[in-house]
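K.L.:
Using only what follows, build the 3D model:
(chains A, B, C and D)
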There are 2 protein chains.
Amino acid sequence: MKTADPELMRAINRFTVLDTIRRHGPISRVEISERSQLSTTTVSAITGSLLDDGLILTRHEGDIRNAAARGRPRVMLELNPDAARVVGAKIAANHMVFVVSNFCGEVISTLSLPIRVNRQPIGVIADLVEDGIRRCVVDAGLGLQEISTVCIGFPGVVEHRTGRVRSSPIVSEPDIDFAREMTDRLNVATIVESDAHAITLAHHWFGKGRDLDDMVLVSLEHSLGLGVLHGGQLFRGAGGLSHNLGDLMMGIGLPETVRLSALAGEAAILGEQTQQGRFADAVRLGRGMALAETLIAAEDNALIVAATRAGEAVGIAVANIVTLFGPPRVIIVGSSLSLGELFLKTLSDSYRSAIPSSIREIAELVFDPSPDEMWAQGAAVVALCELYESPWGTTGPAPAPQPASG
Amino acid sequence: MKTADPELMRAINRFTVLDTIRRHGPISRVEISERSQLSTTTVSAITGSLLDDGLILTRHEGDIRNAAARGRPRVMLELNPDAARVVGAKIAANHMVFVVSNFCGEVISTLSLPIRVNRQPIGVIADLVEDGIRRCVVDAGLGLQEISTVCIGFPGVVEHRTGRVRSSPIVSEPDIDFAREMTDRLNVATIVESDAHAITLAHHWFGKGRDLDDMVLVSLEHSLGLGVLHGGQLFRGAGGLSHNLGDLMMGIGLPETVRLSALAGEAAILGEQTQQGRFADAVRLGRGMALAETLIAAEDNALIVAATRAGEAVGIAVANIVTLFGPPRVIIVGSSLSLGELFLKTLSDSYRSAIPSSIREIAELVFDPSPDEMWAQGAAVVALCELYESPWGTTGPAPAPQPASG
DNA sequence: CTATTTTGTCCGGATACCGAATATAATACA
DNA sequence: TGTATTATATTCGGTATCCGGACAAAATAG
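P.N.:
Below is the predicted model:
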């Protein structure tokens, strides 16, 4: 249990001010004071400190409130984009995306590698990731020593606090300390996070969850993930473990145990033929689902059945999640959305029939294609959140292993 | 977003000290300082204030650390049991239990009413609850004006923040403002909470969750509830709604939508005959499950099938909850435990086969009969928590409608 | 060019935490 | 019995924080 001292107090208020500036663009001190309920005196003191530290900038224009405004004009404050740079990465079965972002979370450079890392030994994956990060940083015109933090979004179950990958569909070995591995390789503090958590924060900062501090995100990719935002913070399970939706048990009374991943995972939808069959090339290019959509349009029966089954299963799973968390919005993202209208409609219908009537109106479903770059950007946001040093890490304290000095 | 000022700081530390005293019995100031990471100076100041307010007491004996202890003896501090009294209640389909507790949460008086309130109009239920509370308070040798807060644990979906009963198996009308109703009747601040949340806190304070700040509780009664403790606090869904496990969808590929309540609810287990059939009297007495156990022992086939089906379903549901929340312990309580060994074993086996292997070791299952009085005691704990004024109410701020003055 | 208005900063007061010194209340021992 | 020792609790001084009110600053209105 954290003890409250003046230092913590300041940290909290400092974060509040910084976050307010981040969210509400160029903003004056008075407005910060109004929004944060802090006195103008305190806001001045804190913004002064932030200016000293170079985290924010002043701008003497852009006071839009009224052209004919009396009185001393407001000085607008905004994040200093160059206050720090971070790297975000998304590792998926058949591609990797890297992003260098500035302090605002804006993307400076991007690198997309359509490489299949599926089931490669961890050393090979680490090699590829290291190369990608170095390349992307160079593309941004920077050196690695100018990067504050790296965050890598991984599919599967990831333990944020320790940076361990507990289980992932793209890694054969279990329980990898990937954060330590990459920290040692890059000599930059590296954190590892669930890809679903990354895209959740991306939507909170830039996407369809900007207006909400409570929401749930379901990611439908090669593996199925979940992100829960609670009070503006990621809700990580006890122990900081990420969730793995694919492990949810669907169905009772069936002869065998059936998990969601067996109904709505990529392999389940595209069939057993992803390795050698007609989908092999498309999957390798990350276009498996798009191809599937065209085939569905051409009335490919097996795929229609698979997509329908998957939509039904996900709809039910989402209904159960809404029953448990009661969020006002559920954002559904991931490559499986490319399956097209049939899948989405089946999912929505299934959700509607599965959601209990008493909470029918609570949550709205929102679909978003969320390009791969946004996932990597989300990882960058995770890194930035560590920099912002949110003091009320209710769930997991700052992990970021320090790079070995020397 | 809450602004941090010295007042909040003090509130946080004050709560920390008070909670430490509550948890660790008679305890000296030095030990509080060690446990809370606060300086002895601060602890002295805060305990002085608590003593002034009459919330704690000193005791000059019981320093057990060493019989031959040098130096000034420690003065032990403990909660003042008489600092406040609260009422806790559990309302169930076929009985009500009331409890008056002191400031420590210890039960002063109990009243159990084996009355079936199922489907009665809300006015009738309110009458019965009011009478029960008044009676129980009198039994404790107190007057209603000596009661600080009342908390009523209700089955079903309850909105803690507003005290509204959204849907409950024992109420026919939807969306009842029961907190307002009882506050007006009793002229005592009354809060309404999910019964599952109440028993969760009871286990955290006195039962099988004393040692953990993160855990999950599943209640199997007439309706199926869930309580999630996260960081020592109840995790209430966005909007402060309680969860309703019975609404979980089990099964896909079945011809119809099947919810958990249809597999493991009381009616589902005992069959359609609870109203007039062989169970009528037993259910009325709250012994339906116990009777079922004896019948199962006598190899009643229908019941064996029902109990097995229920156990399987609950096991799967618990596995899914563990997948989502990752708690170190799951406490399972409720009248359905009386079904006996067959049910428990089926449940455990089902859970074990349903839990993903990657997190198999994370959670332990614990069964607890949890007598009805403990549920009411839990409701009293909810009330006490409000009194302790936990300042970091992450999920729902203090609701307690003030009684109409006059 | 002055009055007005709004914004931002400085000053004094209150509060809280903490470390060090001091007071307190017991035992150990000559 | 009286003094030294020891561990606990309180007091004192220092520092950091927030806040309200007075003051300085920078624009427009007339």
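K.L.:
where does chain A come near DNA strand D, residue by residue?
P.N.:
Residues of chain A lying close to DNA strand D (C-beta under 7 Å from any atom of the strand) are A:6-7, A:9-10, A:13, A:37-42, A:45-46, A:60, A:68-73. Every C-beta, even on glycine, is put in place using the N, C-alpha and C of the backbone.
K.L.:
Which ones among these also lie next to DNA strand C?
P.N.:
Okay, of those touching DNA strand C (C-beta under 7 Å from any atom of the strand), that's A:P6, A:T40, A:T41, A:A69, A:R70, A:G71, A:R72, A:P73.
K.L.:
any idea how far the closest residue to A:T3 other than its chain neighbours lies from A:K2?
P.N.:
Spatially, and ignoring its direct neighbours in sequence, A:T3 is nearest to B:Q37 (4.4 Å; C-beta to C-beta, 6 or more residues apart in numbering or on different chains). To A:K2, B:Q37 is 8 Å away according to C-beta to C-beta, to the nearest Å.
K.L.:
One more: A:V228?
P.N.:
22 Å.
K.L.:
So if I had to pick from these two, which one is more boxed in?
P.N.:
Neighbour count, other C-beta atoms under 10 Å in any protein chain shown: between A:V228 and A:K2, A:V228 has more, with 25 against 14.
K.L.:
That one against A:L245, yeah?
P.N.:
No. Between A:V228 and A:L245 there is no contact under C-beta atoms under 8 Å: 11.2 Å.
K.L.:
C-terminal to the helix or strand hosting A:R352, what's the next element?
P.N.:
Per DSSP states H and E, A:R352 falls inside helix A:341-354. Next along the chain after helix A:341-354, taking DSSP H and E as the criterion, comes strand A:364-368.
K.L.:
So which other helices or strands are in contact with whichever helix or strand comes after that next one?
P.N.:
Using DSSP H and E, the helix or strand that directly follows strand A:364-368 along the chain is helix A:372-388. Helix A:372-388 sits against helix A:6-23, strand A:86-91, strand A:96-101, strand A:107-113, strand A:149-154, strand A:190-194, helix A:195-205, with contacts defined as 3 or more C-beta pairs under 8 Å, 6 or more residues apart in numbering or on different chains; DSSP states H and E.
K.L.:
For B:I108, which of these is the nearest?
P.N.:
Of all the helices and strands packed on helix A:372-388, helix A:6-23 sits nearest to B:I108, with 38.6 Å by C-beta to C-beta.
K.L.:
next one: the closest one to chain centre, how far?
P.N.:
For helix A:6-23, the separation from the chain centroid amounts to 23 Å (computed by C-alpha atoms, centre = their mean, to the nearest Å).
K.L.:
pLDDT averaged over that helix - what is it?
P.N.:
Throughout helix A:6-23, pLDDT has a mean value of 95.
K.L.:
at contact distance from chain B, anything in the helix holding A:R352?
P.N.:
Yes. Using C-beta under 8 Å from any C-beta of the partner chain, we find that helix A:341-354 touches chain B at A:S353, A:A354.
K.L.:
Just list what that helix packs against, helices and strands only.
P.N.:
helix A:301-325, strand A:364-368.
K.L.:
Sort out which residues of the last one are buried, please.
P.N.:
Meaning strand A:364-368. A:L365, A:V366, A:F367, A:D368 (16 or more other C-beta atoms under 10 Å in any protein chain shown).
K.L.:
got it, and stretch A:353-369?
P.N.:
Neighbour-count burial for stretch A:353-369 [16+ other C-beta under 10 Å]: A:A354, A:I355, A:P356, A:S358, A:I359, A:I362, A:A363, A:L365, A:V366, A:F367, A:D368.
K.L.:
Can you report how many residues lie near the nearest residue to the third one once chain neighbours are set aside?
P.N.:
In this structure, A:P356 finds its nearest non-sequential neighbour in B:D247, 4.0 Å apart by C-beta to C-beta, 6+ apart. Neighbour count for B:D247, taken as other C-beta under 10 Å: 24.
K.L.:
circling back: the residue nearest to A:T3: neighbour count?
P.N.:
B:Q37, neighbours per other C-beta under 10 Å, totals 13.
K.L.:
That one and DNA strand D: what is the separation?
P.N.:
15 Å (C-beta to the nearest atom of the strand, to the nearest Å).
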